[in-house]
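Peer 1: Only the shape, not the letters, is given here:
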């Protein structure tokens, strides 16, 4: 884990450079723009840099030799913005299931859950708008949102503005993800 003093932290770049000298990796996989910047500055020229694209912000990914995308739509978007198709690899964003899947009955009300970082590019405002449509159509549901981030206050305000705050629980960051996902239907 890199120190986190600032987004341009020289200590982090030096630390990563030392790690690259010690471990001599063939590749570095960077998850996020800050990690890409550090890896590009610290890696030897012979080491390939692979970036992971989870959203449509692609500026820093141009520094990467290869990019992993999570959807075909994102892959096509990257191609339309000048990336070579042969340097893009699609690996779907998935959960690791540790046990056999067992079909379960739906909760009453239906419980919808999502876990992640509350940031504009994640689209949580659309989830809240969809929940508002469910309420307008008189569906019985509960929405549980785990996580946090820079848009947490905006999302809580939006849930009040949409008059669905009684249907939405913001539960913060989750330590026990298995318990969280076992409490939701979707």
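Peer 2: Done, it's in. Quantities reported herein were computed from a predicted structural model and do not represent experimental measurements.
Peer 1: mind showing which ranges of this structure have poor pLDDT?
Peer 2: 1-7, 94-99, 101-107, 185-186 (pLDDT under 70).
Peer 1: can we see that at 80?
Peer 2: 1-10, 12-13, 93-107, 185-186 (pLDDT under 80).
Peer 1: all strands of it, in order?
Peer 2: 27-30, 48-53, 66-69, 88-90, 110-117, 141-148, 168-172 (DSSP state E).
Peer 1: In its sheet, which strands sit next to the shortest one, and in what direction?
Peer 2: In this case it means strand 88-90. strand 66-69 (parallel) (DSSP bridges).
Peer 1: now swap in the second one and tell me
Peer 2: Here the strand partners of strand 48-53, with direction, are listed using DSSP bridges: strand 27-30 (parallel), strand 66-69 (parallel).
Peer 1: So which of these is the most surrounded?
Peer 2: Stretch with highest mean neighbour count among the strands paired with strand 48-53: strand 66-69 (a mean of 21; mean count of other Cβ atoms under 10 Å). C-beta: built from backbone N, CA, C; applies to glycine.
Peer 1: how far out from the middle of the chain is that one?
Peer 2: How far strand 66-69 lies from its chain's middle: 14 Å, per Cα atoms, centre = their mean, to the nearest Å.
Peer 1: What of stretch 163-181?
Peer 2: Its chain's C-alpha centre and that of stretch 163-181 lie 16 Å apart, by Cα atoms, centre = their mean.
Peer 1: What residues sit buried inside it?
Peer 2: 164, 167, 168, 170, 174, 180 (16 or more other Cβ atoms under 10 Å).
Peer 1: next one: stretch 134-152
Peer 2: Quick answer for stretch 134-152 (16+ other Cβ under 10 Å): 134, 135, 141, 142, 143, 144, 145, 146, 147, 148, 151, 152.
Peer 1: which residues touch the nearest residue to residue 121 once chain neighbours are set aside?
Peer 2: Nearest residue to residue 121 in three dimensions, chain neighbours excluded: residue 55, at 4.0 Å (Cβ to Cβ, 6 or more residues apart in numbering). Residues near residue 55 by Cβ atoms under 8 Å, 6 or more residues apart in numbering: 74, 121, 122.
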